[in-house]
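Q: sharing a sequence plus its predicted fold:
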There are 2 protein chains.
Amino acid sequence: MHIRLQRNAGVPIVKQIYQEIADRIRSGLLEEGALLPSVRTLSKQLNVSPMTTVRAYNQLESDGYIVREQGKGTFVKRTEKREEKQKRRLKSQEWQLSIPDYLPRAQYWRQQQLFQTDNLKLPLSVASIHPSLLPQQEFNREVQKLLQNDSTPLFQYGPIEGDLEFRKAAANYLSSRNLSLKPEEILVTNGSQQAIDLIARCFVGQGDVVVTEAPTYSTAIDVFRERGATIIPIPVDQEGMRIDSLITLCDTHPPKVIYTIPDYQNPTGAVMSPRRRSQLLEIAQVCQSVIVEDDPWSETSFTETAPAPIKAQDQEGHVVYIKGFSKILSPGCRVGAAAASGRLMDRLVAAKANADLGSPLLTQRAVASFIRSPQMPKHIKRLKTALKKRRNKVIELLSNYAPQHVTWTVPSGGINIWITLPGTINADELVYEAKKESLSFLPGSSCYPGQPEFHHLRISYSYLEENQLELGIRILCHILSSSSAGTIATRFPVF
Amino acid sequence: MHIRLQRNAGVPIVKQIYQEIADRIRSGLLEEGALLPSVRTLSKQLNVSPMTTVRAYNQLESDGYIVREQGKGTFVKRTEKREEKQKRRLKSQEWQLSIPDYLPRAQYWRQQQLFQTDNLKLPLSVASIHPSLLPQQEFNREVQKLLQNDSTPLFQYGPIEGDLEFRKAAANYLSSRNLSLKPEEILVTNGSQQAIDLIARCFVGQGDVVVTEAPTYSTAIDVFRERGATIIPIPVDQEGMRIDSLITLCDTHPPKVIYTIPDYQNPTGAVMSPRRRSQLLEIAQVCQSVIVEDDPWSETSFTETAPAPIKAQDQEGHVVYIKGFSKILSPGCRVGAAAASGRLMDRLVAAKANADLGSPLLTQRAVASFIRSPQMPKHIKRLKTALKKRRNKVIELLSNYAPQHVTWTVPSGGINIWITLPGTINADELVYEAKKESLSFLPGSSCYPGQPEFHHLRISYSYLEENQLELGIRILCHILSSSSAGTIATRFPVF
């Protein structure tokens, strides 16, 4: 465990120590029962007064993360709720426990371990689209046709920045979103996630200010935390990120990177208004910030099309626009495109070389040939209809069966619904109730970069079969009803 | 440009500043003609005395990296030798020049930009295997068969750590190398490069000591430099890394990570002796280090098989063994396997989630089905024969045509030959002579983590067509002969 403190970040040191340790526990990176360093050792290591460490430990103890055992030391609390089997460690490998590592948060990994969604019947936590809604036959045929004509995609390295065919196809595909991009402004990535990661490793370091929506995409938080960023959460309302809150911050903490999902935001479903998009770009220009505009599913709009992306107005190269093709087309290819220009693009390409030398040619060519075929718009049309139908159904079910005082968003695109519980109910705890019913949802707490809120959860209506979806929502409502009747302890470190 | 200094690293601060700037210039990350910060600004930023900065700038100037223009400032030297077109920067994007970034070295990217090997007839710099030596028909057929039976590989996310089919196949494949691995000890990566990167982001941070062979694989250096490591180069002889040199370091600088390519080392072709393998493991046990054992092509042994990997003796989980399938099977799939255990494996999987959520299922399934088929051993047998023939031919040509005082290694496997020129000849400069002849090689200077040596170069005999290979070596020898006749300036910052 390597704790990095930021002396001039404006965040109290006690809080920083608390956050670093709490995040590790919530991610399972510090395991239950693990011995923490003594107050003396940690204080010395971090060059802080023992009183500072004591205060951080006190807070961790009172929030239920750690326990102190007289004469033995301080340990990560063991919770009966955790069902994962404790891995047996070989005694000969115990030295590994003492290697300092640089990963403070890994919620995606944690969720995979906890949910093991393959074994669940009702995995409402999975934010991807069921294969039956994807163009299985058409895309498969396209890939086979590609290989019948040519073995090149299997036997050549592609250029670091991506195959020209793919870059052309992606630039052309994005023209339908009012983006006028040259192929050389497109970088191929292994899904959107890698694009976020590349931006972070180029431009985010210890103490740099990163602004995100709160709540936001959990695995983006993982990345920025890994870089040692000072992450400042900005609330979201129906028009997206609250730009007014952001403006007040700019004087004291000008952001270096602003991460946003303007269309059908993950997890709230909010769509950023055109006015706020312009304001955000203005802020980036004033503060010399990089905007990361993440677009996993803007194509799925249920009503009119989504507003033009921020990137469409970007004359000065502030925006890196990320289009992922994993959700809407092929999870098995993991292909994304990052649109950037100038020196930003140069740096991203150089970082891509360090990360993996370049993406597989096979998957790039496969996606390229499909997205420029007439099959793609047909697929998107079918997908929108299907998702809208599912959303309607889920909203209807929630209206009929959800207990009082539970509220939810009604997204106009995308795949997620954000559910808010009465403040007394802790969604983290309900995870275990749900698991008994073979159901999963995403506890909202994992979507906050700083102090989490525990009374939200996210469900996705895109991954279950249609008949299972109804069952899932009914069971979820039943769980919510039971819990609101009982008393639930306050905070509990599950995520 | 974000310069990170290590106050207690035992490396003088002047040298650290020099290295940070020189690396950026050699990688093209600081472009020709770029204005450097003034002595005053840089000193203030780094919190060092102006004299320290002046001394670093003086050294950079005398080594030909920068020029000072009276009353104007300090600039990266413009060199006529550089042929790349200066990119025109849009005036509106000039703000991008001032964003501090965290990439100090990117030699792979630089080489791609400089060589543009697609346009060269004789790209001896390319260390990959020509498609005609790879099982084009058989592998292509296998992938098509896979897709005919099942669309899953295109439409499902795989688990973060990799598809179970792939992990089983890789564990089984590696059993032929005396490795007894469980599938859960295998992590899928996007080629070996990502495995190196994941290890670095988990375990290497600012000032941590990383040991590598010198010379070594250039893009591994890029990664460790990006993490801010103190890289300590250890010389290589015919038996691989000089363990005696390493031992003397252990007291003062116990390594956290040791990176090695024991079989047909890149670039020298050396094979680490079994004795040194055992010694290296002992050192790791004593110093509590992680060994990164990179194995791109141990299968290609021309004589007897390569010695058992270090991982085969590893009882305590010190070794992360990396098997890449890009070189020997499918560059277009970019699939690698990292074998690790215990907490090391947990951390790597968590980092993999942050990096890209997991590798494409399509490419994993493709490689899995081929490596467990009887086609794989047949392919490897053919490949060995073909590479040996090529090596013999190149050695014969070098013996006949290389000028006096030029020496080379004779590898017993792999794809590279390391050529040493008389100390007066600078291989970096010959790059431009070669390019005029449509030929490329890798200047050896990029393979050193610290002070580079300029009188080596690496060629690969695996990528050119056979008839082109002869032409390439003859032309290379001609270039070497011409150069040894003339006078060549001393150091020159090309790489």
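A: Arrived safely. Numbering: from 1, shown residues only, chains lettered A, B, ... in the order given.
Q: rest of the way, CA atoms for contacts and neighbours
A: OK.
Q: pLDDT score assigned to whichever residue of the stretch 251-400 of chain A sits closest to chain B?
A: Going by C-alpha to the nearest C-alpha, chain B is nearest to A:Gly332 of the stretch 251-400 of chain A, at 4.1 Å. If you check A:Gly332, the pLDDT there is 94.
Q: quick one, phi/psi of the nearest residue to it once chain neighbours are set aside?
A: Sequence neighbours aside, B:Leu154 is the residue nearest to A:Gly332 in space, at 4.1 Å (criterion: C-alpha to C-alpha, 6 or more residues apart in numbering or on different chains). The phi/psi pair for B:Leu154 (degrees, to the nearest 10) reads phi -90, psi -20.
Q: I'd say B:Leu154 and A:Lys327 touch.
A: No. Using C-alpha atoms under 8 Å, B:Leu154 is not in contact with A:Lys327, being 11.5 Å away.
Q: who's more crowded, the two?
A: Between B:Leu154 and A:Lys327, B:Leu154 has the larger neighbour count (other C-alpha atoms under 10 Å in any protein chain shown), namely 28 against 25.
Q: how many neighbouring residues does the nearest residue to A:Ala355 once chain neighbours are set aside have?
A: Using C-alpha to C-alpha, 6+ apart and skipping residues adjacent in sequence, the residue nearest A:Ala355 is B:Gln194, 5.5 Å away. Residues lying near B:Gln194 (other C-alpha under 10 Å) number 29.
Q: mean confidence for the helix or strand containing B:Gln194?
A: If you go by DSSP states H and E, B:Gln194 is part of helix B:191-203. In this model, helix B:191-203 has a mean pLDDT of 97.
Q: what is it packed up against?
A: In terms of contacts (3 or more C-alpha pairs under 8 Å, 6 or more residues apart in numbering or on different chains; DSSP states H and E), helix B:191-203 is packed against helix A:342-356, helix B:218-226, strand B:319-324, strand B:336-339, helix B:342-356.
Q: how about the strands in the stretch 101-250 of chain A?
A: Here the stretch 101-250 of chain A has its strands, by DSSP state E, counting those that start in this stretch, at A:122-123, A:186-189, A:209-214, A:230-237, A:240-241.
Q: ugh, wrong one, the stretch 301-450 of chain A
A: A:319-324, A:336-339, A:407-408, A:416-420, A:439-440, A:442-443.
Q: neighbours of A:Gln113, how many?
A: Counted by other C-alpha under 10 Å, the residues lying close to A:Gln113 total 12.
Q: tell me which residue of chain A is furthest from the middle?
A: In chain A, the residue that sits farthest from the middle, by C-alpha atoms, centre = their mean, is A:Gly71; the gap is 40.8 Å.
Q: low pLDDT regions in chain A?
A: A:80-89, A:484-495 (pLDDT under 70).
Q: before we move on, back to that, what number of residues lie near the residue of the stretch 251-400 of chain A closest to chain B?
A: A count of neighbours around A:Gly332, defined by other C-alpha under 10 Å, yields 25.
Q: walk me through the domains of chain A.
A: Listed domain ranges for chain A are A:13-104, A:136-375, A:380-485 (source: the TED database).
Q: deepest in the core, which of those domains is it.
A: domain A:136-375 (a mean of 22; mean count of other C-alpha atoms under 10 Å in any protein chain shown).
Q: quick check: the gap between A:Arg24 and chain B.
A: 12 Å (C-alpha to the nearest C-alpha, to the nearest Å).
Q: what's the strand or helix carrying that residue packed up against?
A: Taking DSSP H and E as the criterion, A:Arg24 maps to helix A:13-26. Where contact means 3+ C-alpha pairs under 8 Å, 6+ apart, helix A:13-26 is packed against helix A:50-62.
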